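Undergrad: Give me the fold of what follows.
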Amino acid sequence: MFQALPPEPAPMVAPGTIERSVATEGEVRVAAALTDAQVEVDSSFRGASIVLYGAVFNPTDVPADVVVVVRGPDAPVRLVKKTRNMGVWLNSRPVLFEGAPGFYMTASTRPLSDVADFGQLRRLGVGVDHLRIDAPEESRTVTRYGVRDVVVSRLGENYLDWRRAVIRLKEAAALYNTDPDGVQFVDKGLFRAEVELPTVAPTGKYYAEVWLFQEGAPVSVSNLTLTVEKVGLERDIYEFAHRRPWSYGVLCVLLAALTGYAASRVFRSR
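TA: Below you'll find the model as predicted:
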C-alpha cells in the first residue's frame, strides 16, 4: 500500500518561448484558444470547467488527429510504502519523485496508441505513461558489462511499482485524466475539448499543447497558457505564510493560545 506524504513547496520551471501556433510541415496547422485563461480560487472554489476550442487547417486529403495536453506546475511527490512486519504495519523509507506535474490531462480524437506509436509519444511526452517522473535521490552509477556510468535505481525491480503509485494516487485525486474521446469535432475543422479542474487543483501556471497528427507524426502544435491563482483573503494568508513563515507560525501559536484561553474562561464561567 502506497501513501503520499505532503511535499515541500517547489518552484515551477516554465518552458521556453511559447508560440501561439507553430506549423512543422506545409500549410497544415492547428490553432486553439481557451474560453478562460485565468481561474480564481477562493473559499467557495469547487473546481472549474474550461473549454478549449480551435480549428484545423488541412488542405490535404490526409485525415488528422487532435491531441490536447494540459500540464500544471510540477511538484515533488514523497511516497512511503506500508508493509506488514510481524503483524505490525510499518512505513518504508520515503521516496521522493520529481518531475510529476500537479495536474495532467490528455484528450484526443481517439486512443493515443491509435494516433501515434510508442516512440513518438515518448519523445513528445504525451500521455501519463510517458511523463518524465524520476527519483533522482535513488539513482546511482555503476559499471555494467564494461560500460561505466550506467545509471540504475536503488529501487531495483520495484521502481515501476513506485512510479505507477504516483500516477495512481494522482488519478484517484482527479488530478490526472486521460480521455480518448475528449476532443470532439463540432463542424468541419472545428473542435472542442473540456478541461476539468478539480477542487484540489494546484495554483500556478498551466501549459496546454494542442498537437495535430497526420499518419502518426506531429505536423503542427498550438501552445496556450492558463493561470490558476488564489484571490481574496486566502491569497493574502497564503502569501504571508510563504513570505514570512516564522511570523506566520508565531501568530498561529498565539491565536491557538488565545482561543484556548477564551474557551477555558467561557466554560469556567458556566
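
Undergrad: Pull the number of nearby residues for Ala174.
TA: Ala174 has 16 neighbouring residues, counting by other CB atoms under 10 Å. (Glycine included, C-beta is placed from N, CA and C.)

Undergrad: change the start of the numbering to 30 and stick with it
TA: Noted, 30 is the first residue going forward, which turns the last one into Ala203.

Undergrad: hang on, isn't it packed against Leu226?
TA: No. Counting by CB atoms under 8 Å, Leu226 is not a contact partner of Ala203; they are 9.1 Å apart.

Undergrad: Next up, the contacts around the residue nearest the centre of the chain.
TA: What sits nearest the mean C-alpha location of the chain, by CA atoms, centre = their mean, is Phe132, with 2.5 Å. Shown in contact with Phe132 (CB atoms under 8 Å, 6 or more residues apart in numbering): 99-102, 204-205, 226, 230-231, 235.

Undergrad: same thing but at 6 Å, please
TA: 101, 204, 230 (CB atoms under 6 Å, 6 or more residues apart in numbering).

Undergrad: Out of these, name the ones that lie in strands.
TA: Among those, none falls in strands (DSSP state E).

Undergrad: Can you tell me, leaving aside adjacent residues, what's nearest to Leu153?
TA: The shortest distance from Leu153 to any non-neighbouring residue, by CB to CB, 6 or more residues apart in numbering, is to Pro247 (6.7 Å).

Undergrad: just checking, the one you found is part of a helix?
TA: No. Assigned with DSSP: H, G, I helix; E, B strand; the rest coil, Pro247 falls outside any helix and is strand.

Undergrad: so where is the stretch 130-279 of the chain shaky, pLDDT-wise?
TA: 165-185, 263-265 (pLDDT under 70).

Undergrad: Tell me where it has strands.
TA: Here the stretch 130-279 of the chain has its strands, by DSSP state E, counting those that start in this stretch, at 133-137, 168-173, 176-182, 205-208, 213-216, 219-226, 233-243, 246-259.

Undergrad: which of those strands is buried the deepest?
TA: strand 133-137 (a mean of 24; mean count of other CB atoms under 10 Å).

Undergrad: counting contacts, what elements does it pack onto?
TA: Helices and strands touching strand 133-137, as assessed by 3 or more CB pairs under 6 Å, 6 or more residues apart in numbering; DSSP states H and E, comprise strand 94-100, strand 205-208.

Undergrad: how many other residues sit next to Pro92?
TA: 10.

Undergrad: my bad, Leu108
TA: Other residues near Leu108 come to 21 when the count uses other CB under 10 Å.

Undergrad: Which strand or helix spans it?
TA: strand 106-114 (DSSP states H and E).

Undergrad: Quick one: classify Ser73 as helix, strand or coil.
TA: Applying three-state DSSP: Ser73 is coil.

Undergrad: Just the pLDDT at it, thanks.
TA: Listed pLDDT for Ser73 reads 81.

Undergrad: what pairs with Val109 across the strands?
TA: Gln32 (DSSP bridges).

Undergrad: surely it meets Ser121?
TA: Yes. If you go by CB atoms under 6 Å, Val109 and Ser121 touch, sitting 5.5 Å apart.

Undergrad: So these two - more neighbours on which side?
TA: Val109 (16 against 13).

Undergrad: what's the spacing between that one and Phe126?
TA: 12 Å (CB to CB, to the nearest Å).

Undergrad: what's the answer for Val59, then?
TA: Distance, Val59 to Phe126, by CB to CB: 32 Å.

Undergrad: Counting neighbours around each, name which of those two comes out higher.
TA: Val59 (25 against 22).

Undergrad: Look up the closest residue to the more buried one, ignoring the ones flanking it.
TA: Using CB to CB, 6+ apart, the nearest residue to Val59 is Leu241, at 4.0 Å.

Undergrad: now that we're looking at that neighbour, which residues does it contact?
TA: 59, 93, 248-249.

Undergrad: That'll do, ta.
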